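Participant: Any chance you could fold what I've pasted below:
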Amino acid sequence: MPKVIGARPVDRWENEVLKALIHQLSEDWVVLPSVKWTLEKNGYVRDGEADFVVLVPESGMIVVEVKGSKEFKVLDDGTWSRRNSDGSWTQLKESPPEQATRNMHDLVGCLRERFGCTDFPGRYGYLVVYPQGEALSLPTMFDESTIATWRHMNQIASRLRRTLDRRDKPGRGNLFSKQVIESIVDHLKDRSFQIQKVDTEEDVDTDFGKIKQLTRQQFASLKGLFELPNVAVIGPAGSGKTVLGIWRLKALIDEGQRALYVCFNRALAEALQWTNPDHAEYIFHIDKLFLSFFPDAKQKLGNSEFHRETLPGMVIDKAGELAKYDAILIDEGQDFSEDQIIALHDLLAPKGRWAFLADWRQDLYSAGESAPIGAEVIFYLHYNCRNTIKINQATNTYLNTKIDSMPGMPEGTSPIVEYTKDQGKRAWELARQWSGSGGVAILSPFKYENSVMKGQKVGHGLRLSTDIRDLGKEGTVYFSTIKSFKGIEAASIIVVELTIPGQNRAFTDEDLYVACTRATSRLALISSRKEVAKHYGC
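Facilitator: Now for the predicted structure:
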């Protein structure tokens, strides 16, 4: 029996693979479930995660990826597809071996960086495991040593050895000593989260990566929550609701389920599609989804009654004719109308899974509901794991709230509050200072054409964009209304045209709450009125 270090996975098929590893591997082997890492490269931070990492003495390291699909096929051109529960096939944008290869090289790079070595001290490979799956077709020249299906579940040890043997370098395996294994285990088993003050751009980059990593690790234990069929997750901004929802969507798709992730905010849907390209086809804005059922319908843009009542009513009337979904996940549930939620529920299969994610503090559209429709079990999140401690503390002061920071969050720096006659100029100056990893966003209560940024497409060597796909791009600052940025985040947020909530219909307590909770590392609040700056402590 090998040495297993780390928490037992909650995913059913990962557990099946772990059982096989425990029963078949030698006692001197080491198995680490759910290994996560952060790789900093070219000024950007990228998180990585492997279902398992297996360490083999005097041989090397294997990254193991687990897939829940029952059937898959690979065409001669290398295209991968998996069979869905309804019998249809979905072509994968990134094949599982490509995903595993990327994770393998990222992890090797992370370890090389950690130990300061040019070459990895051992062999390394990957194995994709389908514990209930079967390959219907594989190209003639396909390297089968990289795949294990249900037929190989009793031969996992030999498959792992084979994948390393096929990647043998003379003498390389002998370098993978007990001491090397112990060093890797110490680095991966319990990643520490150092609290550092945000003073420099390098510190901001570091904190941005650590916050991302902390979010993923702290919430890994909650993935099991979604094993319940009808659940709601209620929590404050930055508590990890969307992270959980996207995790669940990916798991459902990997299992071959017909799943749907629905957002109220159009920009959030686009951002999630952009950051999750392999699953973009399953992520929808509510209006776009409903209109897809009525291709001849004339969109009535700006007509709230049409989108919140009439269009959902049309879907309800037609639901009996439409194919049902095995699972539906609703993000920003507090913003949906009752008719929209009922229409979505009517699209769910009789024994389908339903997840409702919401934060009543972000009810920017006054939907009026305060209960998660369709949920049988409600789970509450309490910690903010997006913002640094000082940004969260300032937000609590501004809004008289008491939301705790998750233990281990970076301290960061307090928000900047300023009075200035030229808000646009000051916004550009801050954007130049803060440009870097995680992106800079300028938020306003007003649309671009009505804001102080109107006509200012370039400044201080940067360009201003209103395309969500440009968020975080080098040399680019993203502009958005506060409402449209709900559910999205950036390392640095600059809020212009700040006022006191309630003095202007365009700026409420909810708008202030959303604006302040978007920043992971730095926040600036700018106003052209002295009394407003004084109100926020300037």
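Participant: Quick check: mean pLDDT of the strand or helix carrying residue 312?
Facilitator: Element membership of residue 312 [criterion: DSSP states H and E] is helix 311-318. Per-residue pLDDT over helix 311-318 has a mean of 93.
Participant: quick one: buried residues of it?
Facilitator: By neighbour count on 16 or more other Cβ atoms under 10 Å, the buried set for helix 311-318 is 311, 312, 314, 315, 316. For the C-beta atoms, the positions are set from N, CA and C on the backbone; glycine is no exception.
Participant: isn't the third one right up against residue 294?
Facilitator: Yes: with the criterion set as Cβ atoms under 8 Å, residue 314 and residue 294 qualify as a contacting pair; they are 6.3 Å apart.
Participant: Now the element after the helix holding residue 312, going C-ward?
Facilitator: strand 325-330.
Participant: Put the alpha carbons of that next one into CSV.
Facilitator: Once non-C-alpha atoms are left out, strand 325-330 reads as follows in CSV (Å, rounded to 0.1, in the frame of the first residue of the first chain):
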residue,chain,number,x,y,z
TYR,A,325,-31.0,19.3,-19.2
ASP,A,326,-29.4,16.9,-16.7
ALA,A,327,-28.2,19.9,-14.7
ILE,A,328,-28.7,23.6,-14.5
LEU,A,329,-26.6,26.0,-12.5
ILE,A,330,-27.7,29.6,-12.0
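Participant: helices or strands up against it?
Facilitator: helix 241-254, strand 259-263, helix 338-346, strand 348-358 (3 or more Cβ pairs under 8 Å, 6 or more residues apart in numbering; DSSP states H and E).
Participant: which of those is buried the deepest?
Facilitator: strand 259-263 (a mean of 26; mean count of other Cβ atoms under 10 Å).
Participant: what angle sits between it and strand 348-358?
Facilitator: If you take axes from the mean of the first three to the mean of the last three Cα atoms, to 10 degrees, strand 259-263 sits at 40 degrees to strand 348-358.
Participant: Can you give me the buried ones in the very next helix or strand once past strand 259-263?
Facilitator: Using DSSP H and E, the helix or strand that follows strand 259-263 in sequence is helix 266-275. Neighbour-count burial for helix 266-275 flags 267, 268, 269, 270, 271, 272, 273, 274, 275 (criterion: 16+ other Cβ under 10 Å).
Participant: nearest to residue 456, of those?
Facilitator: Nearest to residue 456, judged by Cβ to Cβ, of the buried residues of helix 266-275 is residue 267 at 20.4 Å.
Participant: how near is that closest one to residue 486?
Facilitator: Relative to residue 486, residue 267 is positioned 8 Å away (Cβ to Cβ, to the nearest Å).
Participant: before we move on, back to that, want to throw the helices and strands packed on strand 325-330 into TSV with mean pLDDT and distance to residue 158?
Facilitator: As requested, the helices and strands packed on strand 325-330 are exported to TSV (pLDDT from 0 to 100; distance: least, Cβ to Cβ, whole Å):
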stretch	mean pLDDT	distance to residue 158
helix 241-254	86	25
strand 259-263	96	35
helix 338-346	94	47
strand 348-358	92	36
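Participant: Please work out how many residues are found near residue 278.
Facilitator: Neighbour count for residue 278, taken as other Cβ atoms under 10 Å: 12.
Participant: Find the nearest non-adjacent residue to it, please.
Facilitator: Nearest non-adjacent residue to residue 278, counting by Cβ to Cβ, 6 or more residues apart in numbering: residue 93, 4.8 Å away.
Participant: same question, residue 372
Facilitator: Spatial nearest neighbour of residue 372, excluding adjacent residues (Cβ to Cβ, 6+ apart): residue 232 at 3.5 Å.
Participant: Can you give me the domain boundaries for the protein?
Facilitator: Domains of the chain are assigned by automatic domain parsing as 3-188, 229-375, 389-535.
Participant: Kindly reformat these as CSV containing distance to residue 381.
Facilitator: Putting these into CSV (distance: least, Cβ to Cβ, whole Å) gives the following:
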stretch, distance to residue 381
domain 3-188, 17
domain 229-375, 3
domain 389-535, 10
